[in-house]
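Novice: 3D, please:
(one chain, ligands or ions: 1)
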Amino acid sequence: MSLRSARAIAHPNIAFIKYWGNRDAALRLPSNGSISMNLEGLATRTRVTFDPSSESDELLLNGKPANKSALSRASDFLDIVRNLASIQLRASVVSENDFPTGAGIASSASAFSALALASTAALGMKMSEAELSRLARRGSGSACRSIPEGFTEWAAGLSDLDSFACSFAAPSYWQLADCIAVVQTGEKQAGSTEGHKIANTSPVQRARVEDAPRRLEICREAILKKDFEKLADIIELDSNLLHAVMMTSDPRLYYWQGVTLEVMRSVQSWRQSGIPCAFTIDAGPNVHVICLADESERISNLLQDIPGVNTVLISRVGGAARLLLD
Ligand code: PMV
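Specialist: Alright, predicted model coming up:
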């Protein structure tokens, strides 16, 4: 039997309404729906080759053999694909991020969406966008939102069958940008898989989840009407709610550094002075500053002047995960 191989590209995404906590951890069925924007400026490119002569899965990340836990997570994901295709073949996976590793930019969304697309294409499986999104979700919840293009919404759903993301606006619909203020990091923080597990230990989580449909609607409408003020208000509220849950869970999770709060305050004052921008923060200390694309250079320069901000990465709205031809 010959080698079966395919290569795919996918972008990470930044959530405007965040996913935190699972109703079903094994299936990664989320406690609440979420909305995000794909990030064009950052990408993961992954080649998957199923090889009949290979006895175990292999994973090369940015040119180096991956550590044990990354390999076993990729292998568990490939087991789901093998199961769907009714095959046993082991695979070699070669994956590269074009953004700096170790900068605290989460790559699991782009990693698992690219892996879902490349592995199923390598095996010649015909998958709809919804099926691919469901599959990517099994590797990392937020990965399901990196399969469709532009602005996407992941409906929490009731089961594996209806928990996937759809695009509700194309990348060109609204020219937004994300200026990511990459800040100095301290020790390694808890990963999101651990964080999801303890979300329910926070008394704030229940209120956050119950109010999610309201925030989702405001956010979706703000994007569809291109109402930046409304968008700014809802994404900052949602980000603060997420961190309120993290800081009150057991154990407590503190993702911010001092400079994180410094950037949040600066963003607030820039907005008050008439520059449309808003912050949102994931499970790390970096601050994503969302702005109109035309303003991204100005925002980036302002961010770079804040002591403790190492670099600023600028990204516009990204497209869907797609196959790369050799
Ligand atoms: O997909 P995960 O397990 O990496 O979780 C993502 C969690 C957040 O980035 C904090 C929020 C989100 O919706 O992307």
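Novice: What residues sit buried inside stretch 240-253?
Specialist: Leu241, Leu242, His243, Ala244, Val245, Met246, Ser249, Leu253 (16 or more other CB atoms under 10 Å). C-beta: built from backbone N, CA, C; applies to glycine.
Novice: so is the second one in a helix, a strand, or just coil?
Specialist: The reference is to Leu242. helix (DSSP: H, G, I helix; E, B strand; the rest coil).
Novice: tell me the contacts of Val93?
Specialist: By CB atoms under 8 Å, 6 or more residues apart in numbering, the contact list for Val93 reads 46-49, 57-60, 74, 78, 115, 118-119.
Novice: List buried residues within the residues you listed.
Specialist: For those, buried by 16+ other CB under 10 Å: Thr46, Arg47, Val48, Thr49, Asp57, Glu58, Leu59, Ala74, Leu78, Leu115, Ala118, Ser119.
Novice: Out of the residues you listed, which comes closest to Ile234?
Specialist: Distances from Ile234 to the buried ones among the contacts of Val93, taken as CB to CB, are shortest for Leu115 (31.5 Å).
Novice: Tabulate the contacts of Val93 (TSV), appending secondary structure and pLDDT.
Specialist: Output for the contacts of Val93, formatted as TSV (DSSP: H, G, I helix; E, B strand; the rest coil; pLDDT from 0 to 100):
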residue	secondary structure	pLDDT
Thr46	strand	98
Arg47	strand	98
Val48	strand	98
Thr49	strand	98
Asp57	coil	98
Glu58	strand	97
Leu59	strand	97
Leu60	strand	97
Ala74	helix	97
Leu78	helix	98
Leu115	helix	98
Ala118	helix	98
Ser119	helix	98
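Novice: out of those residues, which one sits closest to the ligand?
Specialist: Leu115 (13.5 Å; CB to the nearest ligand atom).
Novice: need the contact list for that closest one.
Specialist: Ala8, Thr46, Val48, Ala74, Phe77, Leu78, Val93, Ser95, Ala136, Gly139.
Novice: All the strands of the stretch 1-150 of the chain, residue numbers only.
Specialist: 4-10, 13-17, 22-24, 29-30, 34-38, 44-51, 58-61, 64-65, 90-97 (DSSP state E, counting those that start in this stretch).
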